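# give the three-dimensional model of this entry:
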Amino acid sequence: MPPGGQVAFTPNDLIVTFRHAALGAPPVGAAALATAESVRLLGGAIRSHLTAMLPTGARVAGVSPTILAAKIRVADATQRDAIAAAFHQDPAIAAVTRNRLIWLAETAHAFSPVPQRYSLRWWMTGSVSTIPGSPRT
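So this is what the prediction gives:
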């Protein structure tokens, strides 16, 4: 949690997601990705790949081998887009996105382009599934 329980954004973080074939891994969602051996091997492969190409001012802040992704912390937020563009050039990397998490009151909340009132209304009415033809409609 941020100091004093204040809202904290993550403007200096990038999420880098790898193509499974580039790492010799099964597709994301495969049970084999969750084994201890796979986590160890893929985590090392992801860190090794990123370390070899990290530009100055960026560091690996975390790796999630089960989803073939890593969090990159950029020291200077003004360089974030240039660093993301450099990662996009690597054919082993499937996607580079900004980390959209907002930390508030000991919980991480993901930014969503869907207005909050929709999810709140669904939750309050108990109609989480409001898609026509779904069991709850």
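# would you mark the buried spots in stretch 84-101?
Residues 84, 86-87, 90, 92-94, 96, 99, 101 are the ones in stretch 84-101 that count as buried (16 or more other Cβ atoms under 10 Å). Where C-beta positions appear, they are placed from N, C-alpha and C, glycine not excepted.
# what is the nearest of the residues you listed to His49?
Ala92 (6.4 Å; Cβ to Cβ).
# ok, the closest one touching Leu23?
Yes. Here Ala92 reaches Leu23: they are 7.3 Å apart, a contact under Cβ atoms under 8 Å.
# quick check: Asn99 vs Val74, distance?
When distance is defined by Cβ to Cβ, to the nearest Å, Asn99 is 10 Å away from Val74.
# overlap of the contact sets of those two?
When contacts are counted by Cβ atoms under 8 Å, 6 or more residues apart in numbering, Asn99 and Val74 are jointly contacted by 13-14.
# follow-up on the earlier one: mutual contacts of Ala92 and Leu23, please.
Any residue near both Ala92 and Leu23 by Cβ under 8 Å, 6+ apart counts here, and that gives His49.
# quick check on Asn12: phi, psi?
As for Asn12, its main-chain torsions (degrees, to the nearest 10) stand at phi -100, psi 10.
# in helices only, show me the buried residues of stretch 84-101.
Counting by DSSP state H, these place 84, 86-87 in helices.
# ranges for the helices of this structure?
20-23, 36-53, 80-88, 116-125.
# who are the packing partners of the third one?
Secondary structure elements in contact with helix 80-88, counted by 3 or more Cβ pairs under 8 Å, 6 or more residues apart in numbering; DSSP states H and E, are strand 13-18, strand 69-74, strand 93-98.
# helices and strands around the last one, which ones?
So the one you mean is strand 93-98. strand 13-18, helix 80-88.
# gap between the two ends of stretch 83-96?
Length of stretch 83-96, first residue to last, Cα to Cα, to the nearest Å: 10 Å.
# contact partners of that stretch?
Outside stretch 83-96, the residues that touch it by Cβ under 8 Å, 6+ apart are 14-19, 22-23, 49, 53, 55, 57-58, 68, 72, 74, 98.
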